[in-house]
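J.: Pasting a predicted model and its sequence here:
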Amino acid sequence: MRFDPDTAVLAADGGGTTCRLALKSGDAVQAVTLGSANVSTDIARAAETIRAGLDQLAHEAGVDHATLCALPAYLGLAGVIGSEDAEGLAHRLPLRRVRIEDDRCAAVRGALGAGDGTIAGLGTGSFFGRQTDGAIRLVGGWGSRLGDEASGFWIGREALARTLDVTDGLRPQTGLSDAILTRFGGTPRGIVAFSIAATPGDIAALAPLVADTAANGDPLGIEILDAGVAYIRRILNAIGWRKGEPICLLGGATAAYRGRLPEEIVASVKPPRGSALDGALALAADFREEARP
């Protein structure tokens, strides 16, 4: 790529599974895909991932490593809860000018560009963001132990928990509860054993089953998805979303709510303008401009 140090920036979008690190110079982008970079889970591993990515990116872009590390950099990484996390990671990296935030801001900026709007991130986890005049307000994103309502993980967890209610005689048996019991050996013990060993992604993998049974009229599946829709509506109202304002629905769990969201939301849905990495690169460019004398 043609490298211009006066315009070039570095950016990363990283989560618990993969991290993408990119160099942008002019209109050209060189990117590499790496392993996990979740700061709260393992800050040492996150730092190692970024350092390895810088080495790989310097080699592939044909840019001197020291020159690369002197560029303005924006890192949007999962698990950055506050300034202590950001500073702790920055001290482990060779980057001279770096801003580190959690990955939600990059997702918002990538989906909406510089325009106003709202996003609902409904993947394995969940979060919501609203951008107004360049300012971003975030809600959620606190992980499976403390949040992730309406996410794929939440849908799967609710299916498991409510199936246990069926075995306790607290709910009527349905096709969904039968399917859950059958999948895990026909006993509550199988469900509990699975939940102990499962990752959030493993539990989120049950969401399509819930959606399929709900589409066929299963009352338990419908009850779970209706509760998810109610949460989505409540948070959108809480962050100030207004009818007609653009909204982007991101993440695989959005498919579970297809046909169940209110028309006022559906009518406002717009495709995302770009990816979270695009957002991180835009925020890196903003950071560069802020640093100019």
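T.: All right, it came through fine. Numbers count the residues shown, from 1 in each chain.

J.: can we go C-alpha only for contacts and neighbour counts from here?
T.: Noted.

J.: how much space is there between residue 209 and residue 138?
T.: 30 Å (Cα to Cα, to the nearest Å).

J.: Then residue 6?
T.: 32 Å.

J.: Compare the two (neighbour count), which wins?
T.: residue 138 (16 against 10; other Cα atoms under 10 Å).

J.: Regarding the closest residue to that one other than its chain neighbours, what is its secondary structure?
T.: Excluding its sequence neighbours, the residue lying closest to residue 138 (Cα to Cα, 6 or more residues apart in numbering) is residue 129, at 4.4 Å. The three-state label given to residue 129 by DSSP: H, G, I helix; E, B strand; the rest coil is strand.

J.: Can you give me every residue that contacts residue 129?
T.: Contacts here follow Cα atoms under 8 Å, 6 or more residues apart in numbering; on that basis residue 129 touches 104, 105, 108, 118, 119, 120, 136, 137, 138, 139, 239.

J.: Go again with 6 Å.
T.: 118, 119, 137, 138 (Cα atoms under 6 Å, 6 or more residues apart in numbering).

J.: Could you dump those residues into JSON lines and include distance to residue 267 and secondary structure?
T.: Shown next, in JSON lines, are the contacts of residue 129 (distance: Cα to Cα, whole Å; DSSP: H, G, I helix; E, B strand; the rest coil):
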{"residue": "118", "distance to residue 267": "14", "secondary structure": "strand"}
{"residue": "119", "distance to residue 267": "14", "secondary structure": "strand"}
{"residue": "137", "distance to residue 267": "23", "secondary structure": "strand"}
{"residue": "138", "distance to residue 267": "23", "secondary structure": "strand"}
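
J.: wait, which of those residues is closest to residue 248?
T.: Distance to residue 248 across the contacts of residue 129 (Cα to Cα) is lowest for residue 119, with 4.6 Å.

J.: didn't that closest one look like it was pressed against residue 247?
T.: Yes: here residue 119 reaches residue 247: they are 5.4 Å apart, a contact under Cα atoms under 6 Å.

J.: Confirm that residue 46 sits in a helix.
T.: Yes: with three-state DSSP as the criterion, residue 46 is part of a helix.

J.: Compare the contacts of residue 129 and tell me which has the most neighbours.
T.: The contacts of residue 129, ranked by neighbours (other Cα under 10 Å): first place residue 118, 29 neighbours.

J.: The closest residue to that one other than its chain neighbours pairs with what?
T.: Distance criterion Cα to Cα, 6+ apart; nearest residue to residue 118, sequence neighbours excluded, is residue 130 at 4.2 Å. Note on residue 130: beta-bridge partners by DSSP bridges are residue 118, residue 137.
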